[in-house]
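Q: Next one to model:
(one chain, ligands or ions: 2)
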Amino acid sequence: MAADQVLIPPPSLSAKYEGSFAYLTVRDRLPMILTKVIDTIHRNKNNFFEKHGEVGVEAEKRAISFLSKLRNELQTDKPVLLLTDSADDTEAWNRYMQRQQDLMEDRQPVSWFKSPWLYVECYMYRRIQEALWLSPPISDFDAFKEGKTSGFFESQQAIISLCTYLREILASTDNASKKWLFEHFFRLLQVSLWGNRCDLSISAGQENSQKSNPMDCLADLQQFILVDDSDKVWSILTSAQGSGGSEKTGIRVDIILDNAGFELVTDLVLADFMVSVGLAKEVRFHGKSIPWYVSDVNKQDFDWTISQTTASNHKHMSSCGVQWKRHVKDGAWSYHDHRFWTLPHEFCDMPAEAADLYSTLQGSDLILFKGDLNYRRLTGDRMWEHTVPFERALRGFLPAPLCSLRTLKANVQVGLQPGQAEKLASQDPEWMISGKYAVIQFCSPLKEQQQQGS
Ligand SMILES: O=P(O)(O)OC[C@@]1(O)O[C@H](CO)[C@@H](O)[C@@H]1O
Ligand SMILES: [Mn+2]
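A: Ligands and ions are numbered 1, 2, ... in the order given. Here you go, the predicted model:
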C-alpha cells in the first residue's frame, strides 16, 4: 500500500457538496430539529413558572433567544462561534474549532456549509446545551425527553414481545447447548441491530417507534445485512476462556449506546442474555452526558427505562426490569458517560483527546458500537471507497475487538466487496441513507486475531 494511502485520508463529508446528504441535513433537517427544540421549550413555559416562578419564565425567554440566534446563524451560514459557557468540555470544543479554522482555505471562517458535517452537526447539539446552561434555572431541561419517552411508550407491544422471549429462553437454559446459545445470541444481536432504525434524528423528531414483534421480521431482514461478522463476535465471546482452566474468568463487554426508547431496550435485553447465560461477566454501558442527536441515551434515560420496565404491569416485562436493577446493583452492569462521546472528534483522535477513555476501553474484551453516528465517527465520516477495509478506515482506533451494529443512515460505508456498492446503488439509490440496510462489522487487534487463529 502506497505510503500516502495510509497517511492522507479522503475528505470529510460536508454540506459544501451541494445536494449531498450532508447538505440536505444541514439545510433542512437541522433547522427543523432546532425549531422543535424551541417549540418544546416554549410549550414548557408554564412548567418553568410553576417550578421556578418568574425566574423560570425569564429563563425560558433567554434560552429561546439563544436558540433563535443559533438557528439564524445556521440558516444564513454565519461563522461558527466559540462556546462561552465554561463547562468542563468548553475548552476542548474551542480547541477543536481552532483546528477546523486551520483547515479552512484562504482563512475563511469555520462555516456550517463548508466545514465537516460531523463537526457542525455535533456543534449544533452542543450549542443547544450551551443555551440551556446559560439559562438557569432551566439548565437541566432535556428538550428531547418527550420524544424519547413517547418512543418507549409507543413501542410497548414490541418491548413486551422481546421481554417475553427473553424470560422464556432464560427459563430453559439448564440444558442449553452451544448451538442453542448461539441461535438465541444471534437473534438478539440482530434485534439490537435493527433496533437502531428507531432514531429520531433521522426523522427530525417525527415519531418512529417499533410497532411489530421484532422477532418476527429477522428472517426477512437478513438479506439487508451487507456485512455480517456475527460469527467473529461469537468467537470472541466463546473463546475468551480463563487462563488454562475450563472455568471462564468471564469477559467484559462494553456497549457504546445510541438511541433511547426501543433501541435501548434491545441493548438491555442483549446484555441481560449475555450475563444471564454466562457469555459475559460484566457489561459496561456508555451513554451521553448531555441530550444528544435527539434520541441518544443519557443517564436519566437509562435509569428511567429500567424503572419503567420494572413498573410494567406485564409480568415478563417487570421481571426483566427487576433483573436489570439487580445487574446494576451487583455491579454486573454499570453506566458511564465520558464527555468524549459528546465531542465532535473522529474516534481515531481518542488516544490523544481522551487517553483515559481509550485505556479504559483497552480493558474490554468486546466493544459493541451502536448506530450510525458511532459508525460515522469510527470511520471519520469521510468519503472512503466502499471497498476500503474497515481497519484502514479506523485509522488506528482499535482499543479492543470491536463490532459496529449500524443501520445505514449516512453516506459513508467501508468494508464492502468489489461491486457490492455499485449493485446496491443500481437497485436502490438511497441505500446508504434510508436505514433499510445494516452492517454487523467487526475488527480485532492483531494479537486477538492470532489467538482466534483468524
Ligand atoms: O446514530 P443514529 O441514531 O443511528 O443516527 C444518527 C444520524 O444518522 O441521524 C442523522 C441522519 O443522517 C445523522 O445526522 C446521524 O448520523
Ligand atoms: Mn442516535
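Q: hey, let's count contacts and neighbours off CA atoms from now on
A: OK.
Q: Show the backbone phi and psi for His286.
A: Geometry field for His286 lists phi and psi as phi -120, psi 120, criterion degrees, to the nearest 10.
Q: Double-check it against Asn259; I have them as touching.
A: No - proximity of His286 to Asn259 does not meet the contact threshold set by CA atoms under 8 Å, at 11.6 Å.
Q: more crowded one of those two?
A: Shown here are His286 and Asn259; by other CA atoms under 10 Å, Asn259 has more neighbours (29 against 21).
Q: Look up the residues forming beta bridges with the more buried one.
A: Using DSSP bridges, the bridge partners assigned to Asn259 are Asp296.
Q: From Lys45, how far out is it?
A: 27 Å (CA to CA, to the nearest Å).
Q: Tell me which stretches of the stretch 251-400 of the chain form strands.
A: Defined through DSSP state E, counting those that start in this stretch, the strands belonging to the stretch 251-400 of the chain, from first to last, are 252-256, 282-286, 333-336, 366-370.
Q: Against Thr238, how distant is Glu422?
A: Between Glu422 and Thr238 the distance, using CA to CA, works out to 36 Å.
Q: When the two are compared, which one has more neighbours?
A: Taking Glu422 and Thr238 together and counting by other CA under 10 Å, Thr238 has the greater number of neighbours (17 against 12).
Q: contacting residues for Glu167?
A: Careful, residue 167 is Arg; it's not Glu. If you count contacts by CA atoms under 8 Å, 6 or more residues apart in numbering, Arg167 has them with His316, Ser319, Cys320.
Q: Assign a three-state SS to it, would you?
A: Secondary structure state of Arg167, per DSSP: H, G, I helix; E, B strand; the rest coil, is helix.
Q: Pull out the buried residues from stretch 141-153.
A: For stretch 141-153, the buried set under the neighbour-count rule, 16 or more other CA atoms under 10 Å, comprises Phe141, Asp142, Ala143, Phe144, Lys145, Gly147, Lys148, Thr149, Gly151, Phe152, Phe153.
Q: separation between Tyr96 and Arg43?
A: In this view, Tyr96 and Arg43 are 34 Å apart by CA to CA.
Q: Now do the same for Asn208: its pLDDT.
A: We note a pLDDT of 64 for Asn208 in this prediction.
Q: Which of the three states applies to the closest residue to Arg62 other than its chain neighbours?
A: Leaving aside its sequence neighbours, Arg62 sits nearest to Ser135 (CA to CA, 6 or more residues apart in numbering; 6.1 Å). Judged by three-state DSSP, the three-state class of Ser135 is coil.
Q: Now do the helix or strand harbouring Phe66: distance to the chain's middle.
A: Under DSSP states H and E, the secondary-structure element containing Phe66 is helix 54-75. Relative to the mean C-alpha coordinate of its chain, helix 54-75 is positioned 28 Å out (CA atoms, centre = their mean, to the nearest Å).
Q: what's the answer for stretch 356-371, then?
A: Distance, stretch centre to chain centre, for stretch 356-371: 14 Å (CA atoms, centre = their mean).
Q: which residues touch it?
A: 193, 196, 233, 236-237, 251-259, 338, 340, 350-351, 375, 399-407.
Q: go on, stretch 76-90?
A: Counting by CA under 8 Å, 6+ apart, stretch 76-90 makes contact with 72-73, 93-94, 97, 109-113, 127, 130, 133-134, 339, 343, all of which sit outside it.
Q: so what's Phe144 up against?
A: Phe144 is in contact with Val37, Pro291, Val294, Ser295, counting by CA under 8 Å, 6+ apart.
Q: separation between it and Lys36?
A: Here the distance between Phe144 and Lys36 works out to 9 Å (CA to CA).
Q: for Asn213, same thing?
A: Asn213 sits 30 Å away from Lys36 when distances are taken as CA to CA.
Q: and if you look at Phe273?
A: Relative to Lys36, Phe273 is positioned 37 Å away (criterion: CA to CA).
Q: Looking at these two, which is more packed in?
A: For Phe273 versus Lys36, the count of surrounding residues by other CA under 10 Å is larger for Phe273: 21 against 16.
Q: For the stretch 151-300 of the chain, just list every one of the helices.
A: With DSSP state H, counting those that start in this stretch as the definition, the stretch 151-300 of the chain shows helices at residue ranges 156-170, 178-195, 218-221, 230-239, 262-276, 299-310.
Q: want to try CSV for the ones you listed, with mean pLDDT and distance to Ser434 as columns?
A: As requested, the helices of the stretch 151-300 of the chain are exported to CSV (pLDDT from 0 to 100; distance: least, CA to CA, whole Å):
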stretch, mean pLDDT, distance to Ser434
helix 156-170, 95, 22
helix 178-195, 94, 13
helix 218-221, 90, 14
helix 230-239, 94, 23
helix 262-276, 97, 17
helix 299-310, 98, 26
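Q: Check those helices for me and report the most buried one.
A: Among those, the stretch with the highest mean neighbour count (mean count of other CA atoms under 10 Å) is helix 262-276, at a mean of 24.
Q: and the angle for that helix with strand 282-286?
A: 160 degrees (axes from the mean of the first three to the mean of the last three CA atoms, to 10 degrees).
Q: which strands and helices sit next to helix 262-276?
A: Using 3 or more CA pairs under 8 Å, 6 or more residues apart in numbering; DSSP states H and E as the contact criterion, the secondary-structure elements in contact with helix 262-276 are helix 156-170, helix 178-195, strand 282-286.
Q: So what's the gap between the first one and the chain middle?
A: For helix 156-170, the gap between its own C-alpha mean and the chain's C-alpha mean amounts to 23 Å (CA atoms, centre = their mean).
Q: Quick check: the gap between the residue nearest the centre of the chain and Arg187.
A: Per CA atoms, centre = their mean, the C-alpha nearest to the average position across the chain is that of Asp258, at 2.7 Å. Here the criterion is CA to CA. By it, Asp258 lies 19 Å from Arg187.
Q: go on, Cys320?
A: From Cys320 over to Arg187 the distance is 18 Å, taken as CA to CA.
Q: element containing Tyr23, please.
A: Secondary structure assignment for Tyr23, by DSSP H and E: helix 21-24.
Q: Can you list the buried residues in that helix?
A: Neighbour-count burial for helix 21-24 flags Phe21, Ala22, Tyr23 (criterion: 16+ other CA under 10 Å).
Q: So the first one sits against Lys409, correct?
A: No - here Phe21 does not reach Lys409: they are 9.6 Å apart, not a contact under CA under 8 Å.
Q: Mutual contacts of these two, please.
A: When CA under 8 Å, 6+ apart defines a contact, the residues bordering Phe21 and Lys409 alike are Ile433.
Q: what's the average pLDDT for stretch 404-416?
A: Across stretch 404-416, the average pLDDT comes to 97.
Q: Tell me if that stretch is near ligand 1.
A: Yes - contact check for stretch 404-416 against ligand 1, using CA under 6 Å from any ligand atom: residues in range are Lys409, Ala410.
Q: And that stretch, end to end?
A: According to CA to CA, stretch 404-416 extends 14 Å from its N-terminal end residue to its C-terminal end residue.
Q: from the chain's centre, how far out does that stretch sit?
A: 13 Å.
Q: do the same with stretch 383-394
A: Between the centre of stretch 383-394 and the centre of its host chain there is 20 Å, according to CA atoms, centre = their mean.
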